[in-house]
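> pasting a predicted model and its sequence here:
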There are 2 protein chains.
Amino acid sequence: MSFTELTCQVAEINDLLNALSVLTWDARTQMPVGGIQTRGHQLATLSGMARKMILSSELGQSLDGAKREVQGEAPDSIRVRTVEQVRQAVEVFSRIPAELVSSLAELKATAQAVWGQARAENDFARFQPYLEQILGLNRQLAEAIGYRAHPYEALLGQYEPGMTTQSLKNLLEGIKTATLPLVQAIAQKEPPRWDFLTRDYPEDLQRQFALNIAQKFGYDLSRGRLDASLHPFEISFTRQDVRITTRYRRDYLPMGLFGVLHETGHALYEQGLSPALTRSALTSDLLGLYAVGGASYGTHESQSRLWENLVGRSRAFWELHYPVLQSTFPAQLGDVDTEEFYRAVNRVTPSLIRVEADELTYNFHIMLRVELEMGLLEDKIAVWDLPEAWNAKVQEYLGLEVPDDSRGVLQDIHWSAGLFGSFPTYTIGNVMSAQFYAALEQVDGLSEAVARGDYAALRDWLGDNIYQHGRRFSPAELLEHSTGKSLTLKPYLHYLESKYRWLYGLG
Amino acid sequence: MSFTELTCQVAEINDLLNALSVLTWDARTQMPVGGIQTRGHQLATLSGMARKMILSSELGQSLDGAKREVQGEAPDSIRVRTVEQVRQAVEVFSRIPAELVSSLAELKATAQAVWGQARAENDFARFQPYLEQILGLNRQLAEAIGYRAHPYEALLGQYEPGMTTQSLKNLLEGIKTATLPLVQAIAQKEPPRWDFLTRDYPEDLQRQFALNIAQKFGYDLSRGRLDASLHPFEISFTRQDVRITTRYRRDYLPMGLFGVLHETGHALYEQGLSPALTRSALTSDLLGLYAVGGASYGTHESQSRLWENLVGRSRAFWELHYPVLQSTFPAQLGDVDTEEFYRAVNRVTPSLIRVEADELTYNFHIMLRVELEMGLLEDKIAVWDLPEAWNAKVQEYLGLEVPDDSRGVLQDIHWSAGLFGSFPTYTIGNVMSAQFYAALEQVDGLSEAVARGDYAALRDWLGDNIYQHGRRFSPAELLEHSTGKSLTLKPYLHYLESKYRWLYGLG
C-alpha cells in the first residue's frame, strides 16, 4: 500500500519536473524574448512545488511505510532502489535550508546576466562580487550536504554520486601523466589540412545529414525532435519525448554535426530507458529537481562521448559515411578525401576554449577548472586572484597565453549558474565511454556491424547494460556489471594512445 | 497583509495555469506524437494542483482576511474585484465534487478519440454512448454550479458570466428574424466570382503577408510568435508571451489569412492587458483553470471578430492592402481587381460546416446548436435522435440536405471535449464586436486613420476601454462604460444589413 502511494506521489513529482523541462526547452528554443521574466516566475513556482512535495509529510509517511514493505527484498531490486533514491533525496533536501535554495536561485538569475555582460566586455571585476557570493553559498551547500574528506566531494556528489575527491584526483593525475607527453609530441608534428572545414555549409543541408546519422544511430523521431539553439543540449519529458538541439555555424562544419552526434548519445540513453520506470524515482534526479534518466552526469556524458567520439570520430565511421557527406556538399568537399577528412576532424591543437577542444587536450581544460574550484573552496585561491591563476594553468597545461578573460576565466556559464563541482563529470564521461566501448568490442561481430553502419547491436548492448536501468544502479555497479571492473583508466588511455599515435605517426 | 498573501497565492496559481498553457501549446505545435500519453499525465497533475491550491485552507484564510481588508473600498476597484473573482472561483469550485471533475476529465480523453474515429468513419452510433455520458455529467455539473431558470444558464455562465438563458434566446431570435430574409434574398442573386481563391498559394508567402498585417494591427512579436497547427488558436503565458497559430491551405487562401487576423484579435487583447494585472486573479479564469485575460469568452471573441471581420473584411482594408497581396501573388491574383477580391472574401453561401461559414450564415450554425443543447438538457431530445434533429434544423435554417453525420452532428469537437454551453459565445462575440465598433466610429478621425492603415488609435481605444482591464469588469460593465449601453443587437444588425445589402445589390 505505502509503496504504491509513494509511486503515485513520485509520479506526480515527475510530472512537475517534466513540465519544468518543457518550460526550459521552450525558453531556449521557442520563447519570444519578452517572456523571460514571467517564465522565471513559472520555473520558480514549479520548482518550489516539487521541493514541497518531496519534503511533505504525506511523502514522508509513504516512504516510512514503503521502507518496511520492501524489507527483505533483493537489495538491488527496483522497489528497494526506488525507496533508496527517495530516502536519499528527502534526507539531503531536508538538510539544505530553503533559504539557501532560494538565495542560490535568485543569485543565479542575476549572476548569469552579469556574467554575460562581463564576458562580452572582458570585465572580470564586474563578475567578481557575484562569483564570491556564489562561492560562499556553495560552501554553505557543501556543509549542508555533508562530506568526509573535502567539501568538493559534497558538491561533486550532486552530479557523480559515490565519487571521492581522492579517486577524482588519481583519475586526473593518471590522464595528465599519460597524455601530456603525447600532446607535446604532437605539437612538434605538422598539423593536418583542415581549411575545408571552414567553407560555406548551408544549415539545412547540415541538419539533413546530421539528423540522418542520428536516426541511423537509433534516435526515434516519433519520440523526439531536433532544433537549433545557442548552446546544444538534450532534454527529456519522459522517454516518450526526448529532444535535442545543436548550434550550426555556416563557416565551421564540425560545430553543428558533432553537436548532433553528441546530443544523440544523450537522447539514446533517455529513449532507451525501460518503459516500466517512466515517472518513477529511477528516472529523475529528485535532488537536482531534474527529470534525467541516467545513473549520473558522468554516465550520461559517457554515452554522448561514446556516440560522438568513439563511433562518430572513428575511421570506420567516416569510411562509411564520408561519401554521403561529400555528395551532400560536393562543392565544399569535392577536393577532400576520406582520410583527409578523418584527420581534420581529429586534429589536436591546444586551444583556449573548452567546448572547442579536441579529445586529447579537452581533459586539461577540466583539470585546471577542478584545481581552481578546489583551491577556491579551500581558500587557497582568492576570487580576485582567479584570472591570474587561470592563465598560469593554461600556460602550464596547454602552453598558451590567455589574451583576455573572455577567452579565459569568463568563458564558461557554469559558475554563474551556481554550479560548482560539475566539470569533472565531462572527464569521467570520457573515461567511462572507453571502458564501456572496450567491453562491447569483445562482443562477437559487434565491431563489424558498427563498421557496416548497423548500430542495432551496439545500441542493444548499451540498452541492456545501461540505458534501461535509469538510476537503478550506481555508476560503479553499471561498470562492474557490464565490464567486470570498477572505473579504470586503462581502456581510455589505450584508446587515446593508439588513435593519436597512429594519426600523428608517433610510432 | 491578507490581501498581499492572497496576491502571492494567486500569482503562484497563475504560474501553474501558464505552465499548463505552455504544455498545451507545445502539445499542439511541437510535440512528437509519442509524447501524447505522458503529456496527459503532466496536464492532469498540474490541473489537480491548481484545483487543490484554489481550495486550500491557506487560500481560504487569506481570502477571508482580504474580504475584511477591502471592505469599504470602491466596489469596482482592482482590490475589491480581485477578492470577488477569487471568492466566486472558490465558491463554485467547492460546489463541484472532485469526482465529477475527474470523471469529466477522464471521459473527455476517451470521448475525443472516439469522436475523431466516429467522424472519420461517419459513425454516430459509436460516439452516442459517450455523448450520453457527457450529457449526464454536464447535467450534474449544472446542478452543482446552480442556476435560476434553466440548467443551460449554469453551463453558459462558465464562459459568459451574467448571461441569462432568456436574454440569449432573445438575442438569437432577433438575429434570426432580421437575417433569415436577407440570406434568402441573397440566395436568389448571382454569386460573386471566387475561383481565384482556390489557386496555388505557397505557405511561406501566405505567412509573410498575414504576419505583416498582424504586426500592422499591433501584434508585438517580441512578446509573441506565429506557428502552424491543425486548428488555429491563441494562447498566452502572461501578456509577455502571447502566441497564435493558423492553419494554411495551399489551395484556399482565406483559411490561413483570416485565421491569422482572427487570432491576432485575441492576441491584442492579451498583449494589451495592464502590466499591473500580470499573474493576478483578473488575468486568469480561475474557475476554468485557464490563463486568459478577457472579461468573458464572448468578449474575447468580440475582439477576434472585430479585427478579422469589421477591420479585415472591410472595403477600406482591401483597398489599402490588396495591392500588396497582389504583388505577393502576381500569378494567382494578376487578373483579379480589389472589388472582385473584396466581394469574394465576403460571399454568402449557406454551408454545412460552421468554421467555414460566412458572417451572415454563421449565426444559424450557433442557433441550431444552442437549441439542440437546450433540448438535450431538458430531455426533449434524446441523444439517439440527435442526428435527425440536427439535419432538420440545417434544412430549416440553411436550406441544406446533410449528406452524412461527419458533415453534420459530428463536425465539432466541443461536445466530445465535454463542453456544453460554449457555442453561444461566438455569436455574443459577433454582436459585441459591432457594438464596440459603432462606438469607436464616433471617435474623431478614427475611421480615417483605420482606412489609412494606421491602427494605433483603434488599438488604443480598445486598449483603454477593454484590453487593459482583464476580468476586472463584467462584459455588461465594459459595454456600459465604453458604449453607454448594455448589450444591444442594433449595431450588429445595422452592420450586416448595410454591408450585405450593398454587396448583393438589395437596395
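Ah, there it is.
> up against chain B, what does the stretch 251-400 of chain A have?
Neighbours of chain B within the stretch 251-400 of chain A, by Cβ under 8 Å from any Cβ of the partner chain: A:T278, A:R279. From N, CA and C alone the C-beta is placed, and that goes for glycine too.
> can you give me the neighbour number for the nearest residue to A:G294 once chain neighbours are set aside?
Nearest residue to A:G294 in three dimensions, chain neighbours excluded: A:H300, at 3.8 Å (Cβ to Cβ, 6 or more residues apart in numbering or on different chains). Residues near A:H300, counting by other Cβ atoms under 10 Å in any protein chain shown, number 24.
> tell me the contacts of A:H300?
Contact analysis of A:H300 by Cβ atoms under 8 Å, 6 or more residues apart in numbering or on different chains lists A:H266, A:Y269, A:V292, A:G294, A:T425, A:G429.
> if we go to 10 Å?
Counting by Cβ atoms under 10 Å, 6 or more residues apart in numbering or on different chains, A:H300 touches A:159, A:234, A:265-266, A:269-270, A:292-294, A:425, A:429, A:432, A:466, A:475.
> any idea which element it lies in?
Assigned by DSSP states H and E, A:H300 belongs to helix A:297-305.
> helix or strand right after that helix?
Using DSSP H and E, the helix or strand that directly follows helix A:297-305 along the chain is helix A:315-328.
> how far out from the middle of the chain is that next one?
27 Å (Cα atoms, centre = their mean, to the nearest Å).
> can you point out the buried residues in the helix or strand that that helix is followed by?
Counting by DSSP H and E, the next helix or strand C-terminal to helix A:315-328 is helix A:330-333. Across helix A:330-333, burial judged by 16 or more other Cβ atoms under 10 Å in any protein chain shown covers A:Q332, A:L333.
> kindly report the same for stretch A:88-106.
Within stretch A:88-106, the residues that qualify as buried are A:A89, A:V90, A:V92, A:F93, A:I96, A:L100, A:V101, A:S103, A:L104, counting by 16+ other Cβ under 10 Å.
> go through those and flag which are in strands.
When those are checked against strands (DSSP state E), there are no matches.
> near A:Y147, how many other residues are there?
Neighbourhood size, A:Y147 [other Cβ under 10 Å]: 16.
> my bad, should have said A:V324
A:V324 - counted by other Cβ under 10 Å - has 11 other residues nearby.
> likewise for A:L376?
When counting by other Cβ under 10 Å, one arrives at 24 neighbours for A:L376.
> for chain A, which helix is longest?
helix A:2-29 (DSSP state H).
> report all helices and strands that it contacts.
Applying 3 or more Cβ pairs under 10 Å, 6 or more residues apart in numbering or on different chains; DSSP states H and E, one finds that helix A:2-29 contacts helix A:36-54, helix A:57-69, helix A:78-95, strand A:224-228, strand A:234-236, strand A:242-246, helix B:2-29, helix B:36-54.
> looking only at pLDDT, what's the mean for that helix?
Per-residue pLDDT values over helix A:2-29 give a mean of 96.
> just how off-centre is that helix within its chain?
With Cα atoms, centre = their mean, you get 21 Å for helix A:2-29.
> quick one: residues contacting A:L107.
Contacts for A:L107 (Cβ under 10 Å, 6+ apart) come out as A:Y130, A:Q133, A:I134, A:G136, A:L137, A:S416, A:G418.
> I'd like those written out as TSV, with secondary structure added.
Shown next, in TSV, are those (DSSP: H, G, I helix; E, B strand; the rest coil):
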residue	secondary structure
A:Y130	helix
A:Q133	helix
A:I134	helix
A:G136	helix
A:L137	helix
A:S416	helix
A:G418	coil
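> just the buried residues of the residues you listed.
Among these, those buried by neighbour count (16+ other Cβ under 10 Å) are A:Y130, A:Q133, A:I134, A:L137, A:S416, A:G418.
> once you drop chain neighbours, what's closest to the residue nearest in space to the middle of chain A?
Central residue of chain A (Cα atoms, centre = their mean): A:E301, 4.2 Å from the mean position. Of all residues not flanking A:E301 in the chain, A:G429 sits nearest, at 2.6 Å (Cβ to Cβ, 6+ apart).
> helices or strands up against the helix or strand hosting that neighbour?
Using DSSP H and E, A:G429 falls within helix A:424-440. Helices and strands touching helix A:424-440, as assessed by 3+ Cβ pairs under 10 Å, 6+ apart, comprise helix A:151-157, helix A:165-187, helix A:297-305, helix A:359-377, helix A:446-451, helix A:456-465, helix A:475-483, helix A:490-503.
> can you give me how far that helix is from the chain middle?
Computed by Cα atoms, centre = their mean, the chain-centroid distance of helix A:424-440 equals 12 Å.
> tilt between it and helix A:297-305?
Between helix A:424-440 and helix A:297-305, the angle comes out at 60 degrees (axes from the mean of the first three to the mean of the last three Cα atoms, to 10 degrees).
> tell me which residues of helix A:424-440 come out buried.
Counting neighbours by 16+ other Cβ under 10 Å, one finds that the buried residues in helix A:424-440 are A:424-440.
> what's the answer for stretch A:25-43, then?
A:25-27, A:29-32, A:34-35, A:38-39, A:41-43.
> ok, stretch A:386-396 next?
Counting neighbours by 16+ other Cβ under 10 Å, one finds that the buried residues in stretch A:386-396 are A:L386, A:P387, A:A389, A:W390, A:N391, A:K393, A:V394.
> for the third one, give its distance to A:N138.
Distance, A:A389 to A:N138, by Cβ to Cβ, to the nearest Å: 18 Å.
> again, but for the first one
Shown here: A:L386 relative to A:N138, a distance of 14 Å by Cβ to Cβ.
> contacts only, for the closest residue to A:S302 other than its chain neighbours.
Nearest non-adjacent residue to A:S302, counting by Cβ to Cβ, 6+ apart: A:M432, 3.6 Å away. Neighbouring residues of A:M432 by Cβ under 10 Å, 6+ apart: A:295-296, A:298-303, A:305-306, A:425, A:466, A:475, A:478-479, A:483, A:487-488, A:491-492.
> one more: A:V345?
Here A:V345 is in contact with A:P192, A:W194, A:L197, A:L253, A:P254, A:L257, A:F258, A:G312, A:R313, A:F317, A:W318, A:D358 (Cβ under 10 Å, 6+ apart).
> ranking those by neighbours, who comes first?
Neighbour counts for the contacts of A:V345 peak at A:L253, which has 26 neighbours (criterion: other Cβ under 10 Å).
> can you verify my assumption that it contacts A:L325?
Yes. The criterion here is Cβ atoms under 10 Å, and A:L253 meets it with A:L325 at 8.7 Å.
> what's near enough to touch whatever residue of the stretch 51-200 of chain A ends up closest to chain B?
Closest approach between the stretch 51-200 of chain A and chain B, counting by Cβ to the nearest Cβ: A:M53, at 9.1 Å. Neighbouring residues of A:M53 by Cβ under 10 Å, 6+ apart: A:Q9, A:V10, A:E12, A:I13, A:L16, A:L59, A:L286, B:M49.
> would you check that the third one makes contact with A:S62?
No. Here A:E12 lies out of contact with A:S62, judged by Cβ under 10 Å, at a distance of 11.9 Å.
> in terms of neighbours, single out the busier of these two.
Using other Cβ under 10 Å, the more surrounded residue of A:E12 and A:S62 is A:S62, with 24 against 21.
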